[in-house]
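*Asks:* Sequence below, structure please.
(chains A and B)
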Amino acid sequence: MPETTIPLSVRIELCRAGLQVIADGLGIRMLHIKGATVDASIRPDAREGSDVDVIVDPRRVAEMHGALLAHGWTVYSTFDEGSPFGHAQTYWHPGWGYIDLHRRFPGIGLADADAFDVLAREASGGSAAGLDLEVPGLAAQGVLFLLNAARGSQHDRDGALAFRRGLAAEQLRLLDELVRVLHAEVAASVVTGELENWRGHRDHLLWRAISEGGTRSQEWWGRVRAARTPREAVQVLLRAPRVNRSRLAHQLGRTPTWRDLVMAALRRGTRALRELVPARGGR
Amino acid sequence: MTATRAPNVGAVAEDGVVYAAVLPDGPIFVLTGDAAVAWHAATGRHAATAWRAATGTDATDDVADGYIAALVDAGLLIVEKES
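*Replies:* Model prediction:
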């Protein structure tokens, strides 16, 4: 048979279906998000991106992680090394590419397991490569679209705002109700331009840093402020000075040595100090 | 021979080509030409009859069954018992 290039969209769709097979084998509930799973009423041009995104029942993430490793996936970046939200872990597979395994969605303040239950309660059926899967319900997809745009570019936010404004009254009521249930009001307010109404809220600083392009230090401090428990705040503080081993390995093209880690930590500390001075002087 | 898609087989058809894989591990099989026709013909119908209808050629049962057998060997199809 002649050699044929497999289109990325095909590879992604098969990858998505493969993840579902793994989850089904363990009885793990999982919702597919982003890419081609987004309803056409939200994104008429919805198509597969360059990776697969799923939200896994947070209580079963460790099992899913084990299963992925058993099927040849490797961790590309960990929950702790990714975004300030620690929301997703990225895996890579030589045959399938990249996936983002979410345990939460940035902007949702409700506890992870409770938030997943809310999203799963209204889930709809979908399919990939002819196999059944689940996607969030329409209102939930709308909320995730807004929250994703809140972290994105101004263009993304404009698109999300246009979507929101185009909703019928009942659809808008359902959307806003779900935003409240998920405790996602602060992040959603980024899209509507009402973030400053939430000044004083523990999430405000983090979302201001993210939406207005704050420094890494401001982002970390915002993340400490946004911690839901004192324990979580301490964990964030302990992680802040750490070097992202995965990112460093990708930059170096090899496993970092201790010397690489020490040098990177020193560079990181110096950068944080530089950021701190103008931040204090400017306010 | 009557065959159907095997459990956990994902397939995407695009531009006359079928990309099929036993999931979650693969690999991805690329079915073109008669192999793609055989894939489409095989699901739930008598393969040789469906294949002949799809291709418009007067294939013998042996020829049609040969394609189906190859797809069965790849794990993409399973043979159904004749009722």
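
*Asks:* average pLDDT across the helix or strand containing A:Gly142?
*Replies:* Assigning secondary structure by DSSP states H and E places A:Gly142 in helix A:138-150. Per-residue pLDDT values over helix A:138-150 give a mean of 96.

*Asks:* what residue ranges in chain A score low on pLDDT?
*Replies:* Scanning chain A for pLDDT under 70 picks out the ranges A:1-4, A:46, A:82, A:214, A:216-217, A:234, A:237-243, A:245, A:247, A:258-283.

*Asks:* Quick check, the residue in it closest to chain B?
*Replies:* Residue nearest to chain B within chain A: A:Ala129 (3.1 Å; CB to the nearest CB). In short, each C-beta sits where N, CA and C put it, glycine included.

*Asks:* Nearest residue to that residue in space, please, no chain neighbours.
*Replies:* In this structure, A:Ala129 finds its nearest non-sequential neighbour in B:Gly10, 3.1 Å apart by CB to CB, 6 or more residues apart in numbering or on different chains.

*Asks:* and that neighbour, that one's in a strand?
*Replies:* Yes - counting by DSSP: H, G, I helix; E, B strand; the rest coil, B:Gly10 falls inside a strand.

*Asks:* Which residues does it form beta bridges with?
*Replies:* Per DSSP bridges, the residues bridged to B:Gly10 are B:Ala21.

*Asks:* thought it was touching B:Gly26?
*Replies:* No - between B:Gly10 and B:Gly26 there is no contact under CB atoms under 8 Å: 9.3 Å.

*Asks:* Which one of these two is surrounded by more residues?
*Replies:* B:Gly10 (28 against 19; other CB atoms under 10 Å in any protein chain shown).

*Asks:* what sits against the more buried one?
*Replies:* B:Gly10 sits next to A:13-14, A:17-18, A:21, A:128-131, B:20-21, B:23 when contact means CB atoms under 8 Å, 6 or more residues apart in numbering or on different chains.

*Asks:* Now, those that are in strands?
*Replies:* Using DSSP state E, the subset of the contacts of B:Gly10 located in strands is A:128, A:131, B:20-21.

*Asks:* now, the most widely separated pair of those?
*Replies:* A:Ala128 and B:Ala20 (13.2 Å; CB to CB).

*Asks:* The residue of chain A closest to chain B is in contact with B:Ala13, isn't it?
*Replies:* No - here A:Ala129 does not reach B:Ala13: they are 9.8 Å apart, not a contact under CB under 8 Å.

*Asks:* In terms of pLDDT, where does B:Asp15 sit?
*Replies:* 88.

*Asks:* That one and B:Val30: what is the separation?
*Replies:* Distance of B:Asp15 to B:Val30, computed by CB to CB, to the nearest Å: 12 Å.

*Asks:* higher neighbour count, the two?
*Replies:* B:Val30 (18 against 6).

*Asks:* Touching, A:Trp96 and A:Ala17? I think so.
*Replies:* No - when contacts are counted by CB under 8 Å, A:Trp96 is not listed as touching A:Ala17 (10.3 Å).

*Asks:* what about the nearest residue to B:Thr2 once chain neighbours are set aside, neighbour count?
*Replies:* Distances taken as CB to CB, 6+ apart place B:Glu80 nearest to B:Thr2, at 4.5 Å, with adjacent residues excluded. When counting by other CB under 10 Å, one arrives at 15 neighbours for B:Glu80.

*Asks:* could you say what helices and strands the helix holding A:Gly142 packs with?
*Replies:* Helix A:138-150 is packed against helix A:154-165, helix A:169-181, helix A:185-192, helix A:204-211, with contacts defined by 3 or more CB pairs under 8 Å, 6 or more residues apart in numbering or on different chains; DSSP states H and E.

*Asks:* ok now do A:Arg103, which residues does it touch?
*Replies:* Taking CB under 8 Å, 6+ apart as the test, what A:Arg103 contacts is A:55-56, A:58, A:61, A:79, A:87-89, A:112.

*Asks:* Ok, A:Ser41 next?
*Replies:* A:Leu138.

*Asks:* thought A:Met30 was touching A:Val56?
*Replies:* Yes - counting by CB under 8 Å, A:Met30 touches A:Val56, with 4.9 Å between them.

*Asks:* intersection of neighbour lists for the two?
*Replies:* Shared contacts of A:Met30 and A:Val56, counting by CB under 8 Å, 6+ apart, come down to A:23, A:64.

*Asks:* anything in contact with each of B:Gly10 and B:Gly26?
*Replies:* In contact with both B:Gly10 and B:Gly26: A:14, A:18, using CB under 8 Å, 6+ apart.

*Asks:* quick one: the lengthiest helix in chain B near chain A?
*Replies:* Using DSSP state H to define each element, chain B has its longest helix at helix B:61-73. No - counting by CB under 8 Å from any CB of the partner chain, no contacts exist between helix B:61-73 and chain A, the nearest distance being 10.4 Å.

*Asks:* immediately after that helix, which helix or strand?
*Replies:* Moving toward the C-terminus from helix B:61-73, the next element (DSSP H and E) is strand B:77-80.

*Asks:* elements contacting that next one?
*Replies:* Checked by 3+ CB pairs under 8 Å, 6+ apart, strand B:77-80 has strand B:2-5, helix B:61-73 packed alongside it.
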